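*Asks:* structure of the sequence below:
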Amino acid sequence: MNEQLRPPTLPATTQAAEGLARRRFTVAEVESMVEAGIIANDERIELIGGEVVPMSPKGNRHEILKKGLQRFWFQALPADVDLITETTLRTGVDTYVEPDFLFFPRSVRLADVTGPAILLIVEVADKSLDYDLGRKAAIYSAIGVREYWVVNSLALETRVHREPSPTGFRFVTNMGPEERMVPLLVPALAVTLGKLELS
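*Replies:* The predicted structure is shown next:
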């Protein structure tokens with residue numbers, strides 16, 4: 001958050017306009033605000049339907065699990081697949097999200113990655129679990145992401161979403177920490193959370 005432009009006592013979010021129309025921002029406008037220094041470059045936000053949404057702080061368990069998955073997947077990554085973490089994925093003129101893990105074909109430039117080209121998206125969740133299972137799942141399904149996992153970092157349980165449609169994923173199942181999860185499009189990335197080195 002830009003500390004020079006904001007009084008330290010001013011809350012980061014508002015509810016004063018509940019029930020009223022709000023001004024919708026575009027991705028380009030938010031990017032311009034970051035360039036101008038109005039929004040700090042390292043501020044953790046997403047743009048959902050034109051509204052700037054602050055992301056929950058990451059808990060220690062979230063970061064430990066993310067590090068374990070990152071180490072595992074970078075070693076297992078096939079030569080024709082790319083992996084990027086916490087990248088900005090533009091899903092429309094007024095929406096962008098920042099998935100924890102995004103897998104896509106190496107033959108596709110990152111700037112050209114769209115929903116159907118994505119092989120797998122994974123979100124690691126603790127405080128953001130409801131958001132990742134609800135609003136984010138709807139966004140990913142609507143743009144045609146073929147497989148989406150939400151990993152509960154506390155319970156090591158995963159909700160696997162497949163078969164996207166404009167109204168939501170048609171196939172959703174829960175996987176426990178000792179179950180081997182195999183991505184449909186990249187089976188080489190199969191993982192059992194309970195067997196990961198987490199330290």
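
*Asks:* what's in contact with the lowest-mean-pLDDT helix or strand in the chain?
*Replies:* With mean pLDDT, DSSP states H and E as the measure, the helix or strand of the chain carrying the lowest mean pLDDT is strand 45-48 (a mean of 76). Contacts of strand 45-48 from elsewhere in the structure, counted by Cβ atoms under 8 Å, 6 or more residues apart in numbering, are 25, 27, 30, 39, 52-55, 94-98, 135, 139. The C-beta positions use only the backbone N, C-alpha and C, and glycine is treated the same way.

*Asks:* so how far is that strand off the chain centroid?
*Replies:* If you compare the mean C-alpha spot of strand 45-48 with that of the full chain, they lie 11 Å apart, counting by Cα atoms, centre = their mean, to the nearest Å.

*Asks:* summarise which helices and strands whichever helix or strand comes after that strand is packed against.
*Replies:* Following the chain from strand 45-48 toward its C-terminal end, the next helix or strand by DSSP states H and E is strand 51-54. Strand 51-54 is packed against strand 45-48, with contacts defined by 3 or more Cβ pairs under 8 Å, 6 or more residues apart in numbering; DSSP states H and E.

*Asks:* quick one, what contacts the most centrally placed residue in the chain?
*Replies:* For the chain, the residue lying nearest the average C-alpha position, counting by Cα atoms, centre = their mean, turns out to be Pro99 (2.2 Å). Pro99 is in contact with Glu86, Thr87, Leu89, Ile121, Val122, Glu123, counting by Cβ under 8 Å, 6+ apart.

*Asks:* quick one: which of these is nearest Pro183?
*Replies:* Sorting the contacts of Pro99 by distance to Pro183 puts Val122 at the head of the list, at 9.1 Å, by Cβ to Cβ.

*Asks:* right, and the closest one touches Lys66 too?
*Replies:* No: using Cβ atoms under 8 Å, Val122 and Lys66 do not qualify as a contacting pair, with a distance of 9.2 Å.

*Asks:* which residues do these two both contact?
*Replies:* Overlap between the neighbourhoods of Val122 and Lys66 consists of Asp100, taking contacts as Cβ under 8 Å, 6+ apart.
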